[in-house]
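Undergrad: quick one, what's the 3D model for this:
(one chain, ligands or ions: 2)
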Amino acid sequence: MRMELRPDIAAAPKVLLHDHLDGGVRPQTVIELADATGYDALPAKSEAELGEWFRTSADSGSLERYLETFAHTVAVMQTTDGLFRIAMECALDLAADGVVYAESRFAPELHLEGGLSLEEVVETVNAGFRAGEVLAAEQGKPIRMAALLTAMRHAAKSREIAELAVRYRDLGVAGFDIAGAEAGYPPSRHLDAFEYLQRENAHFTIHAGEGFGLPSIWEAIQWCGADRLGHGVRIVDDIDVTGERPVLGRLAAYVRDSRIPLEMCPTSNLQTGAAASYAEHPVTLLKDLRFRVTINTDNRLMSHTTLGAEMQHLVEEAGWSLADLRWATINAMKSAFIPFDERLALIDEVIKPGYHALGVG
Ligand SMILES: O=c1[nH]cnc2c1ncn2[C@H]1C[C@H](O)[C@@H](CO)O1
Ligand SMILES: [Zn+2]
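TA: Ligands and ions are numbered 1, 2, ... in the order given. As a prediction, the model looks like this:
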């Protein structure tokens, strides 16, 4: 059972910047698509067992082992039927959680085994998002979905995927990302892709400071020019908390001064060992120090979570208030990769009124 949400947290308008499409598939959908496509390597047969298998297998304390579980979702995301359905259900599930704007990321290069082209993968996922938006609006839960294209950091396709993201920039793709195991694969390996994106005035985020520490964050920002940090949680290694007041090192100060958004994913970090508990998760120190913190789900299937649940953990276990959630939500909307005027409209017309109705702001 997913966490029972407080009515105010459930109703709060939410913004999600870091959510993997292949990490948020419904277990029942994995089972049905595996049946339909003849994929016979699923580790469990029932919805409940499979959901539990993902959660416990991802609970390994290591990013590398966490990532192994994706083989079973990616396996059923090789056809247009599978990709369309999963993208549509993603929009519906997020809308049901109160998310009003989401950037959903996926790696097109992982979805070519059934013969689809990179373009077909992107267009199918986008079509699924559009269908999900229509259904969600009909259900009184409007949501705007944007796609981020991810390149895998151990592979050599980043330049090609960056070019794909630029080609689809006005067709539903808002930006670019790199993901995968961090140790041994520094972001500077993909400098070519990032320099290309910068020349094209395109936006990108980089998974950094999750499975590896400060050097990865430093490279992502100072070599690669990342607009945002995927996780970035280990920036706390550059904050000295032993004295009376926290003291920021040069890199932490740069991240805070430059208002670089941190895409924090608390439950995911507990599973991969990047943090010990919700109460001790660095997100609260970083909030108190006014870093540009955002709250995210990362992989709803593997972490058995929702954005509402991530927020509620912080409220119940780390002393966050509803006003803090409003602040993080506005931070997230300000940090989105869609145009400024569209971000502002969502802040002024949806997020602020939504919180106002809850008696906050
Ligand atoms: O938290 C993560 N860190 C690094 N890589 C990740 C994380 N969550 C998912 N991925 C990988 C596995 C997926 O197959 C890929 C594209 O979504 O991104
Ligand atoms: Zn991630």
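
Undergrad: partners of the residue of the stretch 101-250 of the chain found nearest ligand 1 in the sheet?
TA: Closest residue of the stretch 101-250 of the chain to ligand 1, CB to the nearest ligand atom: residue 179 (3.4 Å). Heads up, the C-betas are built off the backbone N, CA and C, glycines and all. Taking DSSP bridges, one obtains residue 152 as the residues bridged to residue 179.

Undergrad: OK, contacts around it?
TA: 20, 105, 107, 150-153, 207, 230 (CB atoms under 8 Å, 6 or more residues apart in numbering).

Undergrad: select only the buried ones of the residues you listed in ChimeraX?
TA: Buried residues within the contacts of residue 179, by 16 or more other CB atoms under 10 Å, are selected in ChimeraX with:
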select :20,105,107,150,151,152,153,207,230
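
Undergrad: let me have the contacts of residue 179 in TSV, extended by distance to residue 189 and pLDDT.
TA: Below are the contacts of residue 179 laid out as TSV (distance: CB to CB, whole Å; pLDDT from 0 to 100):
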residue	distance to residue 189	pLDDT
20	21	98
105	19	99
107	16	98
150	15	98
151	10	98
152	11	97
153	7	95
207	13	97
230	16	98
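
Undergrad: among the contacts of residue 179, which one sits closest to residue 10?
TA: residue 20 (22.9 Å; CB to CB).

Undergrad: and that closest one, backbone torsions?
TA: phi -90, psi 130 (degrees, to the nearest 10).

Undergrad: got it, and residue 264?
TA: phi -80, psi 140.

Undergrad: still on that earlier bit, for the residue of the stretch 101-250 of the chain closest to ligand 1, report the pLDDT, please.
TA: Predicted confidence (pLDDT) at residue 179: the value is 97.

Undergrad: among the contacts of residue 179, which are within reach of ligand 1?
TA: 20, 105, 107, 150, 207 (CB under 6 Å from any ligand atom).

Undergrad: so what's the first one up against?
TA: Residues counted as contacts of residue 20 (CB under 8 Å, 6+ apart) are 104-106, 150, 179, 298-299.

Undergrad: how about the residues of the stretch 101-250 of the chain that lie near ligand 1?
TA: So the stretch 101-250 of the chain meets ligand 1 at 105-107, 110, 150, 179-180, 207, 210 (CB under 6 Å from any ligand atom).

Undergrad: and the furthest pair within these?
TA: Top of the distance list for those (CB to CB): 110 and 210, 19.0 Å.

Undergrad: more neighbours: these two, which one.
TA: Applying other CB atoms under 10 Å to residue 110 and residue 210 shows that residue 210 carries more neighbours, namely 26 against 21.

Undergrad: quick one, what contacts the closest residue to that one other than its chain neighbours?
TA: When the adjacent residues along the chain are set aside, residue 210 lies closest to residue 231, with 3.8 Å between them (CB to CB, 6 or more residues apart in numbering). Contact analysis of residue 231 by CB under 8 Å, 6+ apart lists 18, 207-210, 262-265, 268-269, 274.

Undergrad: pipe those into a markdown table and attach secondary structure per row.
TA: Output for these, formatted as a markdown table (DSSP: H, G, I helix; E, B strand; the rest coil):
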| residue | secondary structure |
| --- | --- |
| 18 | strand |
| 207 | strand |
| 208 | strand |
| 209 | coil |
| 210 | coil |
| 262 | strand |
| 263 | strand |
| 264 | strand |
| 265 | coil |
| 268 | helix |
| 269 | helix |
| 274 | coil |
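
Undergrad: closest to residue 114 among those residues?
TA: Taking those together and measuring to residue 114 by CB to CB, the closest member is residue 207, at 26.2 Å.

Undergrad: I figured the closest one hits residue 176, correct?
TA: No. Residue 207 is not in contact with residue 176 according to CB atoms under 8 Å; the separation is 11.7 Å.

Undergrad: now do the contacts for the residue lying closest to residue 16 once chain neighbours are set aside.
TA: Closest residue in space to residue 16, ignoring its immediate chain neighbours: residue 102 at 4.3 Å, by CB to CB, 6+ apart. By CB under 8 Å, 6+ apart, the residues touching residue 102 are 15-17, 19, 91, 94, 143-146.

Undergrad: no more questions from me, cheers.
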